[in-house]
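Student: give me a 3D structure for the following:
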Amino acid sequence: MPLPLALGRFNKIATNRIVGTVAGHVPGMAIVVHRGRKSGTEYRTPVNAFGGVDRYRFALTYGKDTDWVRNVLAADGCSIESRGRTIVLDEPWLGRDPEAAWAPPVVRTLLRGLGAEYYLQCRVRHE
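Tutor: Prediction:
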């Protein structure tokens, strides 16, 4: 079972403000920049991100129904800040892999332990 959404709400208010200061520079993390699907407000959400030239995958440790995931899907994309760069992403889709075979070994073990079987994948938009 993924982490409880109540923990996610606490993180949105408290922890994300701290983690957000470094997430765009730390390997395995990024900041997803997305717009609220109803409000149009820009949000910045620190996430676990893995990818490279053509795609990124995001570990959904709180499950697939979080606001940021729903916003990215509704907008058909987002941008991320990763290692000091801004990368535009599109064509988001949800994947399910209970074994987290796509993730690096240490992350895979953590995701399995959490029961976090979903991920979000996006294509890198090459301009």
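Student: could I get the full set of strands for this structure?
Tutor: 29-35, 42-51, 55-59, 77-82, 85-96, 118-124 (DSSP state E).
Student: any idea which of the ones you listed gets closest to Trp68?
Tutor: Nearest of these to Trp68, taken as C-beta to C-beta: strand 42-51 at 4.4 Å. Where you see a C-beta, it was placed from the backbone N, CA and C, and this is true even at glycine.
Student: who does that closest one pair up with?
Tutor: Paired neighbours of strand 42-51 in the sheet (DSSP bridges): strand 29-35 (antiparallel), strand 55-59 (antiparallel).
Student: any chance of those in JSON lines, plus distance to Ala75, mean pLDDT and mean neighbour count?
Tutor: Listed next are the strands paired with strand 42-51 as JSON lines, based on distance: least, C-beta to C-beta, whole Å; pLDDT from 0 to 100; neighbours: other C-beta atoms under 10 Å:
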{"stretch": "strand 29-35", "distance to Ala75": "6", "mean pLDDT": "95", "mean neighbour count": "22"}
{"stretch": "strand 55-59", "distance to Ala75": "15", "mean pLDDT": "96", "mean neighbour count": "20"}
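Student: coming back round to it: kindly reformat the strands of the chain as TSV containing distance to Leu110.
Tutor: Shown next, in TSV, are the strands of the chain (distance: least, C-beta to C-beta, whole Å):
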stretch	distance to Leu110
strand 29-35	14
strand 42-51	9
strand 55-59	8
strand 77-82	20
strand 85-96	17
strand 118-124	13
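Student: nearest to Asn71, of the ones you listed?
Tutor: strand 29-35 (4.5 Å).
Student: what angle separates that closest one from strand 77-82?
Tutor: Using axes from the mean of the first three to the mean of the last three C-alpha atoms, to 10 degrees, the direction of strand 29-35 lies 150 degrees away from that of strand 77-82.
Student: quick one: strand 29-35 to chain centroid distance?
Tutor: Chain-centre distance of strand 29-35: 7 Å, with C-alpha atoms, centre = their mean, to the nearest Å.
Student: ok, stretch 55-68 next?
Tutor: 5 Å.
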